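In: pasting the sequence and the predicted coordinates here, then a few questions.
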Amino acid sequence: MRVLVNGKIEVLELIAPSGVNCAADIIGNYGGLSDGQFRYNEDAGAYECSPETFEWWRRVLADHQALENRIAELVEEHGSDAVYEVVGSVGGYDLEDQPAAINAALDAAFGK
């Protein structure tokens, strides 16, 4: 997702296993494209946001990307049923807290 921050184009990414960048989908699903965090800048052909908003989403998406990568590795080692049983057992958390909660459950089940 192309983002204009302080006059410079940056990129927000969360690459799905299919290889598609789904950052805009995640941000949109959590209201970020409709609640004023981002606005589309026609001239730049990119979304625009404050540096603070960009950094928050960059960190959250990076945490989720690291979790997705870890899950993929654990699936290879332990199988999808075992891994997703653990992932599914984790209760509801705010978006920014989900990776830590899921990683803690994965650590308990499979080690670090």
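Out: Thanks, I have the structure now. Numbers count the residues shown, from 1 in each chain.

In: low-confidence ranges in this structure?
Out: The model of the chain has no residue with pLDDT under 70.

In: quick check: the gap between the residue lying farthest from the centre of the chain and His64.
Out: For the chain, the residue at maximal distance from the C-alpha centroid (Cα atoms, centre = their mean) is Asp43, at 26.9 Å. Plainly put, Asp43 is 30 Å away from His64 if you go by Cβ to Cβ, to the nearest Å. Just so you know, the C-beta spots here come from the backbone N, C-alpha and C atoms, and that holds for glycine as well.

In: again, but for Val3
Out: For Val3, the distance to His64 - Cβ to Cβ - is 17 Å.

In: neighbour count: these two, which is higher?
Out: Neighbours of Val3 and His64, each counted by other Cβ atoms under 10 Å, are more numerous for Val3; the result is 23 against 19.

In: and what about the more buried one, helix, strand or coil?
Out: Judged by DSSP: H, G, I helix; E, B strand; the rest coil, the three-state class of Val3 is strand.

In: residues near Phe110, how many?
Out: Residues near Phe110, counting by other Cβ under 10 Å, number 15.
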